[in-house]
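Q: Sequence first, predicted model second:
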Amino acid sequence: MTGATTDLRQDLHRAGYYPELVSDVLDLAIADEVVVAHLVHPETTFDANEVRRHVTVLVLTPTRLVVAHVDDHPADSEHPASSASATTESVPLTELRSVALTHVIESPATHKAGTVPLELTLAIGWGAVSRIDLEPATCPDPACEADHGLTGSITPDDIVVRISAQAEGPGAVRAASDFARRLSAASARTR
């Protein structure tokens, strides 16, 4: 077991969300490749009736990006026991189209190099999923009442992970930055 694999397992246990289950599904998807870098992002959401947990794990190997999503499903009248669903996807690095980062910076006029952003959003695209945003097309004539159809944009939306220093801590944002740096470098080498 490499140091990176040990670090991944430790981060899975630190996240505390079915670490053995997540480790098993990742082990199958990684298929004995070396773990180069990883990002473990647990998320908890609350609605009026229940708490939902989810974890997204991104693993970089020398040839692929492995993505795992695990969700829990509470017991209900049809399913007397709780369950979890775990999905993995392996994307060849040659298929990556973009690694986009959005940094939210507090007080940009006084920003010092190396300061951790308030939040970091990592968007990775490989062409499997796109989001279409449409809106009514407009006309420069304010008196025009004609229907000009729709205008919009198509945005790659394969995976988006948002990490907040306030919610997860500065260390989580730093870890996401480190992972994004490694992924960006790896995707550039495969072209």
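A: Looks like it came in fine.
Q: From now on I want contacts and neighbour counts done on CA atoms only, so please keep to that.
A: OK.
Q: who's sitting farthest from the centroid in this protein?
A: The centre of the chain is farthest from one residue, Ala143, which by Cα atoms, centre = their mean lies 44.9 Å away.
Q: Tell me where this structure has strands.
A: Assigned by DSSP state E, the strands in the chain fall at 37-46, 51-60, 64-73, 83-92, 98-104, 119-125, 130-136, 150-156, 159-164.
Q: Buried residues in the third one, which are they?
A: Meaning strand 64-73. For strand 64-73, a neighbour-count test (16 or more other Cα atoms under 10 Å) marks 64-72 as buried.
Q: what two of the residues you listed have the greatest distance between them?
A: Greatest spatial distance among these (Cα to Cα): Arg64 and Asp72, at 26.3 Å.
Q: circling back to that earlier point, generate CSV for the strands of the chain, with distance to Thr5 and mean pLDDT as supplementary columns.
A: Putting those into CSV (distance: least, Cα to Cα, whole Å; pLDDT from 0 to 100) gives the following:
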stretch, distance to Thr5, mean pLDDT
strand 37-46, 9, 88
strand 51-60, 10, 90
strand 64-73, 13, 92
strand 83-92, 17, 92
strand 98-104, 23, 91
strand 119-125, 22, 92
strand 130-136, 31, 76
strand 150-156, 30, 73
strand 159-164, 21, 92
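Q: Can you redo these as TSV, where the extra columns are distance to Leu12?
A: Below are those laid out as TSV (distance: least, Cα to Cα, whole Å):
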stretch	distance to Leu12
strand 37-46	7
strand 51-60	9
strand 64-73	12
strand 83-92	14
strand 98-104	23
strand 119-125	19
strand 130-136	29
strand 150-156	28
strand 159-164	16
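Q: And these: which comes nearest Ala15?
A: Here strand 37-46 is closest among these (Cα to Cα), at 6.3 Å.
Q: and that closest one, which strands flank it?
A: strand 51-60 (antiparallel) (DSSP bridges).
Q: Compute the inter-axis angle for the helix with the most length in the chain and strand 98-104.
A: The longest helix of the chain (DSSP state H) is helix 170-189. Angle of helix 170-189 versus strand 98-104, following axes from the mean of the first three to the mean of the last three Cα atoms, to 10 degrees, is 150 degrees.
Q: quick one: helix 170-189 to strand 64-73, angle?
A: Angle, helix 170-189 to strand 64-73, by the same axes, to 10 degrees: 140 degrees.
Q: In terms of secondary structure, what does helix 170-189 contact?
A: Judged by 3 or more Cα pairs under 8 Å, 6 or more residues apart in numbering; DSSP states H and E, the packing partners of helix 170-189 are strand 37-46, strand 98-104, strand 119-125, strand 159-164, helix 165-168.
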